Every structure is written in structure tokens, then in C-alpha cells.
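# quick one, fold the following:
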Amino acid sequence: MFKVYSRYGLWIAIALIAYFLLLKIVGFHQYPILSSVNGLIFGAGIFLAMKKYASYQTNFKYEKGFEVGLLAGGLASILFTVFMAVYMYQIDTEFSNAIMNRWDLEYSMGTLMLLISILIMGFATTVVLTLTFMQLLKTSWNTKEGNRHT
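Sure thing, here's the model as predicted:
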């Protein structure tokens, strides 16, 4: 399981970083609405991780699939937040001020507030998508075998 969620968590983080850098090159990195595409990146990565883990298992358990999804998305969230911290504190120090001014917020903790928001949004996206995808991947009890257990 470690091999699956760590590999896919890393690839999700790489895709998120590449998307952010692409937006930076184009000049759209200061528009927070474009971060909604991050949900698609998270969704694709989590779904693929869960499918890969399910293909290894003969008896796919809900708890294990849920764990793979949470850990892959959680790892990606942490890695992307670390990248954004390095970016905002070392590379482009005016980025967080530009975002906060765009939102008309004048907190002195602008960069830290953005990093916490990125981390919370990543975790929330991970939980919602993992719950959603497990509904698709779990085995149904609407069979003769499943009805014996009710």
C-alpha cells in the first residue's frame, strides 16, 4: 500500500506544481479561481491510486481503499504546500501580498494564511473525492452473496 499511495501522492504533487508553474509562465497565477483545476488533478490522481490498489487485491476492502485515497491526497497536499511555502517566502515574496490585496484582506500574516488555506483546501478536496470514489469502487451488497450478510 505504501508504494501505491506514495507514488501517486508524489505524482499528484508534481502535477499540481507543474500546473501552478504553467499558470505563472502565462501570467494567470494570481487568479485564485483557476485553482479549481487542482480538484481535477487531485481527482485523477486519487482515483488512479485507488484503482491501482484495487487491481492488486483479490478482496478489495473499503477501509484499505479509503486509506489509500486519503494518504495519496494528504501526501500531495503537504508536498504542494511545502512547494508553495518555498515559492512565497523565497522566490516571489510579493505573490501573497498581491493575492491578499485582490481579496481586500489586510492581515499581517498574509503568507501564512494562504499556506494554511492551501493545506486545508487540499485535505478537504482529498476527503470529499476519496468518499466519492469509494462509492464507485466498493463491491456492492446487492447480490445473492451480499444479501446473506443482511
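# could you give the average pLDDT over the longest helix seen in the chain?
Counting residues, the longest helix found in the chain (DSSP state H) is helix 110-137. For helix 110-137, the per-residue pLDDT values average out at 87.
# now do stretch 41-48
Here the average pLDDT along stretch 41-48 is 92.
# quick one: contacts of it?
8-9, 11-12, 15-16, 19, 69, 72-73, 76, 122, 125-126, 129-130, 133 (Cβ atoms under 8 Å, 6 or more residues apart in numbering). Backbone N, C-alpha and C define where each C-beta goes, glycine included.
# and for stretch 56-66?
For stretch 56-66, the external contacting residues (Cβ under 8 Å, 6+ apart) are Met1, Val4, Met50, Tyr53, Ala54, Thr130, Leu131, Met134, Leu137, Lys138, Thr139.
# show me where the protein dips below the pLDDT cut-off.
Where the chain drops to pLDDT under 70, the residues are 101-110, 139-150.
# redo that, cut-off 80
Segments of the chain classed as low confidence (criterion: pLDDT under 80) are 1-2, 29-35, 57-62, 93-111, 137-150.
# that older thread, which of the contacts of stretch 41-48 count as buried?
Among the contacts of stretch 41-48, those buried by neighbour count (16 or more other Cβ atoms under 10 Å) are 8-9, 11-12, 15-16, 19, 69, 72-73, 76, 122, 125-126, 129-130, 133.
# contact partners for Gly9?
Contacts of Gly9 (Cβ under 8 Å, 6+ apart): Gly45, Ala49, Leu71, Ala72, Gly73, Gly74, Leu75, Ala76, Leu79.
# ok, and the closest non-adjacent residue to the fifth one?
Yep, that's Gly73 we're talking about. Leaving out its chain neighbours, the residue that sits closest to Gly73 by Cβ to Cβ, 6 or more residues apart in numbering is Thr126, at 2.8 Å.
# tell me how far that neighbour lies from Lys24.
24 Å (Cβ to Cβ, to the nearest Å).
# Arg7 too?
Taking Cβ to Cβ, one finds Arg7 at 26 Å from Lys24.
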